[in-house]
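**Q** Give me the fold of what follows.
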Amino acid sequence: MFPFKMRNFSLTLLFAVIVGIVGDSGKVWERNSATRNVIGFMNEVIEKPERMNEATGRQKLKSAGNGRACNAGYKLHANGLLCVPVCAKECVNAYCYLPNFCRCLDGYDKKHVNSNVCLPACPDGCSNGHCIAPNTCVCLPGYTPSLLTGQCLPLCKNRCENGYCHKPNRCRCNPGYRKTGNDDKCVPICTHVCINGTCTSPDFCTCKPGYKKDLTDPLNHRCIPKCEPACVHGVCVAPGLCHCDEGYVKDINFVARNVCVHVNLVKQLKANK
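**A** Have a look, this model is predicted:
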């Protein structure tokens, strides 16, 4: 009876020690409710469930007898307590999360799913530049960051007149404008040639000094000379110059010389002198 009691006592003591070890190890690994089996007296195998730590990819160490072993694809951590995944290729800007699988650090993205290299990410884009760090874009030569959006915009040495800078030192005309041969200047396009005027904006003519718009012109591209005061019995043929109608001559008594009188009236006035 005594040996039997001693054997039971030893088993009880061993079980308590094992439970204590498992309890203590729960401080390092999460405690769980999976069943632990004690098989044999000296060569027992304590199988701890293989729960993965979702944050690090580490795995609980599996003890077998007096030795310790990790599953395939894992290796023992330097602390001797955990199994960590192994990646054949070095993880760049990332860490080994599962065997041969790298997970990017915050602010980095993979070029493709199975890549071991993670590149810095610029969520707002980095056109005409290089994303050198998370959310850090460095513009290419000839470009400068926008004060409003941070995007890289081209630089033009000279101001783009009636256009915008679309490449370094290259202007592109606004709609309704065209190049004149000078890369920095765009001029408006008028479908119809301006008569006695200048095309100052797309399909809009501005009259030259001494001219006014011809209100009878449906295309609004013709300017006619302006005479002030208006011609009497004549036509304004140039700014301030009246041409008398047929049978009329200029009345020299008017300084403005805008009044034309009938030739018969002139003859009669001369005869009365």
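
**Q** From residue 85, how far out is the most centrally placed residue in the chain?
**A** Closest residue to the average C-alpha location of the chain: residue 125 at 4.8 Å, with C-alpha atoms, centre = their mean. As judged by C-beta to C-beta, to the nearest Å, residue 125 and residue 85 stand 34 Å apart. Using the backbone N, CA and C atoms, a C-beta is placed for each residue, glycine as well.

**Q** Ramachandran coordinates for the residue nearest to the centre of the chain?
**A** phi 90, psi 160 (degrees, to the nearest 10).

**Q** That one touches residue 149, doesn't it?
**A** No. Using C-beta atoms under 8 Å, residue 125 is not in contact with residue 149; the gap is 9.2 Å.

**Q** related to what we said a few turns ago, quick one: the residue nearest to the centre of the chain and residue 118, what's the gap?
**A** 18 Å.

**Q** In this model residue 233 seems to touch residue 244, though I could be wrong.
**A** Yes. Between residue 244 and residue 233 a contact is recorded at 6.3 Å, counting by C-beta under 8 Å.

**Q** Now for residue 133: which residues touch it?
**A** Contacts for residue 133 (C-beta atoms under 8 Å, 6 or more residues apart in numbering) come out as 107, 120.

**Q** The same query, at a cut-off of 7 Å, please.
**A** Shown in contact with residue 133 (C-beta atoms under 7 Å, 6 or more residues apart in numbering): residue 120.

**Q** Please enumerate residues in contact with stretch 155-167?
**A** Stretch 155-167 is contacted by residues 142-144, 154, 168-169, 171-174, 177, 184-188 when judged by C-beta under 7 Å, 6+ apart.

**Q** mind running it again at 8 Å?
**A** Outside stretch 155-167, the residues within contact range by C-beta under 8 Å, 6+ apart are 142-144, 153-154, 168-174, 177, 184-188.

**Q** Just the mean pLDDT for it, thanks.
**A** For stretch 155-167, the mean pLDDT works out to 92.

**Q** Would you mind measuring the gap between the ends of it?
**A** Here the two ends of stretch 155-167 are set 7 Å apart, with distance taken as C-alpha to C-alpha, to the nearest Å.

**Q** List the buried residues for it?
**A** Neighbour counts over stretch 155-167 (16 or more other C-beta atoms under 10 Å) mark 156, 160, 162, 163, 165 as buried.

**Q** Quickly name whichever of those is closest to residue 103.
**A** Residue 103 has its nearest neighbour among the buried residues of stretch 155-167 in residue 165, at 41.8 Å by C-beta to C-beta.
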